[in-house]
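J.: Sequence below, structure please.
(one chain, ligands or ions: 1)
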Amino acid sequence: MAKIVLTADRSLMVNFPSTLYAGFLSCFPTRIVPELVYRRILRPVKANEDGTTNYPTLSLRQVESICIHSGFSRKDVIIAHPDHLGETIKEDTKIVGVTVVDPLGIGPETTFWTSVLGGVPHNRVKFAQLMGQIQRLKQKYQFKVVVGGPGAWQLSSEDRMSIYGIDHVVIGEGENVIPTLFVDIINQAQFTKRVHSGRVADVKQVHPILGPTNTSLIEVARGCGRGCQFCAPNVAGRLRSFPVEKILADAQVYLDADIRVITLHSEDVLRYGSKSLLADEDALLNLYKTLFSAGIRGAFITHANLTTFAYQPELIEKLSTMLRKNGIPGYGGQVGLETGSPRLMKKYMKGKCLPLPPDEWQRVVKDGLRVMERNRWFACCTILLGLPDEHSEDVKETIQLIKDVDERFAFYFPLFFVPISATPLGEQRMFIAEHALSEHWRLILECWKHNVKYAYKAFTLASQGKYPLLGLGLRVGMKSLYFQIQATCRKMIKQKESN
Ligand code: SF4
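T.: Take a look at the predicted model:
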């Protein structure tokens with residue numbers, strides 16, 4: 001069997017039902033989304049007879065590619081299905097590599113839901129279950145456990161490493177750490193440190209993935225460069241776009257698996273190929289053209305910046321026309337709305353608005369959302385609650401902004417500020433429900449009143465009128481979620497205002 005077994009917990013190794021946003025279900029408490037419902041929506045990926053899977057999460061495919069390109073053979077590395085670890089981890093296993101996103105359920109989205117609804121989130125439960133299994137097998141086979149991925153920062157303390165039986169944590173990019181670390185572990189080197197920081201990789205060091213993933217994601221760039229002080233991807237510095245050849249090779253992997261609809265991933269996909277903070281029209285349109293000529297039929301994106309929509313509307317029109325010609329009637333993307341307060345924009349994220357000044361952020365939000373809607377892009381806007389030094393006046397400005405854009409076909413997701421180590425705000429206090437002002441609860445209510453109104457409309461449009469029963473279920477589910485949010489918000493407002 002393999003020396004290196006890579007895996008992830010059940011909240012990551014799932015089949016996504018037509019939208020990646022379904023993955024946010026893992027942030028919900030188990031008492032709100034029972035296991036039976038969770039398993040019905042997020043079904044586990046298929047396992048092969050030998051306990052491996054062909055459709056893991058992207059990070060595992062990336063680690064696999066790093067290992068193979070650094071000299072390990074194909075038989076040295078396997079990707080194991082989390083329900084079949086007993087079949088894949090054996091006496092010759094030296095390393096079990098685990099990728100994590102929000103293993104303790106303390107990321108911004110999960111903290112929000114557990115604070116508002118109470119209970120334990122699915123992602124925390126699933127991670128603990130996986131690590132329990134790994135620890136039992138570790139006692140038998142004595143391998144080392146290495147954890148990495150975007151949520152690895154949550155596990156870097158000695159206490160947490162010991163609770164979960166983790167030997168090494170890799171924070172940041174893997175290309176410059178994993179090859180040496182894995183060889184040293186296999187050669188039983190003695191380590192003076194167990195938390196390893198991955199230096200930013202050069203684009204030439206990032207190789208194509210060697211098989212498909214459960215998300216059909218293709219990473220097109222890393223980093224950002226806009227400098228928001230709370231943001232983890234910004235730690236990776238300026239935007240580094242990968243060559244078209246690497247992206248095309250990733251696309252070919254999906255085409256070989258008969259997958260023609262993919263999602264392009266970076267912190268700001270529309271800035272692909274750009275050397276500045278503006279989108280580069282030629283580089284972006286050429287990327288899409290190349291993908292479509294190769295046989296891709298739909299290309300969604302993960303993240304973008306509202307400033308691109310507001311400041312470069314002609315580019316958006318050209319891109320949207322091209323996307324429609326290639327078979328997709330509407331698109332979506334996560335954009336950071338963050339706040340309505342120019343003071344906080346100036347203090348923590350003045351680069352988000354560039355080349356416009358932070359004072360213009362409210363206008364950028366309104367224009368950006370209008371351009372998105374006109375071109376049939378659904379916006380999923382994140383809003384950050386509880387930034388350090390946020391006052392009631394700041395929150396009131398955000399409430400007003402949400403009211404101003406209430407007619408837009410967009411979703412507004414309030415999140416709680418979480419200090420992420422290595423960011424400039426990494427030492428600040430985590431925002432929890434007890435810190436929230438009555439205005440924060442009003443803002444949450446405003447956002448969810450809007451979301452419930454638009455959820456069914458969005459579903460009907462996206463499903464083109466098919467699946468009426470599912471639509472009914474969604475309507476009932478959203479209403480009941482809203483009642484719970486409303487009850488908490490009203491209770492908290494009353495409590496805060498009576499103090
Ligand atoms: S614009 Fe977005 S990705 Fe870039 S630094 Fe700011 S929050 Fe991070």
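J.: List the contacts of residue 237.
T.: Counting by Cβ atoms under 8 Å, 6 or more residues apart in numbering, residue 237 makes contact with 200, 223, 225. C-beta here means a position set from N, CA and C on the backbone, and glycine is covered the same way.
J.: part of a helix, is residue 197?
T.: No. Checked against DSSP: H, G, I helix; E, B strand; the rest coil, residue 197 lies outside a helix; its state is strand.
J.: Pull the contacting residues for it.
T.: Contacts of residue 197 (Cβ under 8 Å, 6+ apart): 171-172, 177, 422.
J.: just checking, what's the longest helix in this protein?
T.: Longest helix in the chain by number of residues (criterion: DSSP state H): helix 468-498.
J.: helices or strands next to that helix in the packing?
T.: helix 108-117, helix 438-462 (3 or more Cβ pairs under 8 Å, 6 or more residues apart in numbering; DSSP states H and E).
J.: residues of that helix that come out buried?
T.: By neighbour count with 16 or more other Cβ atoms under 10 Å, helix 468-498 contains the buried residues 471, 474, 478, 481-482, 485, 488-489, 492-493.
J.: Over to stretch 171-190?
T.: 171-179, 181-182, 185.
J.: how is the protein carved up into domains?
T.: Following automatic domain parsing, the chain resolves into domains at 4-198, 216-385.
J.: Could you show which parts of this structure are in contact with the ligand?
T.: The chain has residues 224, 226-228, 231, 233-234, 267, 305, 336, 349, 352 near the ligand, with proximity defined as Cβ under 6 Å from any ligand atom.
J.: Now for the closest residue to the ligand within the stretch 351-499 of the chain: which residues touch it?
T.: Residue of the stretch 351-499 of the chain nearest the ligand, by Cβ to the nearest ligand atom: residue 352 (4.8 Å). The neighbourhood of residue 352, defined by Cβ under 8 Å, 6+ apart, consists of 226, 228, 305, 307, 336, 338, 345, 358, 361.
J.: can you tell me which of these are in helices?
T.: Using DSSP H, the contacts of residue 352 in helices are 307, 345, 361.
J.: got these as TSV, with pLDDT columns?
T.: Formatted as TSV, the ones in helices among the contacts of residue 352 follow (pLDDT from 0 to 100):
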residue	pLDDT
307	97
345	97
361	97
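J.: Could you export those residues as CSV, including neighbour count?
T.: Output for those, formatted as CSV (neighbours: other Cβ atoms under 10 Å):
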residue, neighbour count
307, 28
345, 24
361, 29
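J.: Now those in CSV, please, with extra columns for distance to residue 412.
T.: Output for the ones in helices among the contacts of residue 352, formatted as CSV (distance: Cβ to Cβ, whole Å):
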residue, distance to residue 412
307, 18
345, 17
361, 15
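J.: nearest to residue 332, of these?
T.: Comparing the ones in helices among the contacts of residue 352 against residue 332 with Cβ to Cβ places residue 307 closest, at 17.8 Å.
J.: Would you confirm that the closest one contacts residue 353?
T.: Yes. Proximity of residue 307 to residue 353 meets the contact threshold set by Cβ atoms under 8 Å, at 5.9 Å.
J.: Next, show the common contact partners of those two.
T.: Shared contacts of residue 307 and residue 353, defined by Cβ under 8 Å, 6+ apart, comprise residue 364.
J.: List the contacts of residue 406.
T.: residue 450.
J.: quick one: residue 94 and the ligand, what's the gap?
T.: Residue 94 is 36 Å from the ligand, where distance means Cβ to the nearest ligand atom, to the nearest Å.
J.: wait, that residue sits on residue 186?
T.: Yes. Using Cβ under 8 Å, residue 94 is in contact with residue 186, at 4.9 Å.
J.: and for the two, which residues touch both?
T.: residue 3.
J.: which SS class is residue 214?
T.: coil.
J.: Which residues are in contact with the nearest residue to it once chain neighbours are set aside?
T.: Closest residue in space to residue 214, ignoring its immediate chain neighbours: residue 55 at 4.3 Å, by Cβ to Cβ, 6 or more residues apart in numbering. Going by Cβ under 8 Å, 6+ apart, residue 55 touches 15, 45-46, 212-214.
J.: List the buried residues for stretch 449-467?
T.: Neighbour-count burial for stretch 449-467 [16+ other Cβ under 10 Å]: 450-452, 454-455, 458-459.
J.: which residues are in contact with it?
T.: Under Cβ under 8 Å, 6+ apart, the answer for stretch 449-467 is 330, 378, 402, 406, 409-413, 470-471, 474-475, 478-479, 481-482.
J.: go with 7 Å
T.: Surrounding stretch 449-467, the residues in contact under the criterion Cβ atoms under 7 Å, 6 or more residues apart in numbering are 330, 378, 402, 406, 409, 411-412, 471, 474-475, 478-479, 482.
J.: And stretch 142-153, by the same measure?
T.: Stretch 142-153 is touched from outside by 59, 93-103, 107, 134, 138, 155, 165-171, 174, 181, 185, 232, 420-421, with contacts defined as Cβ under 7 Å, 6+ apart.
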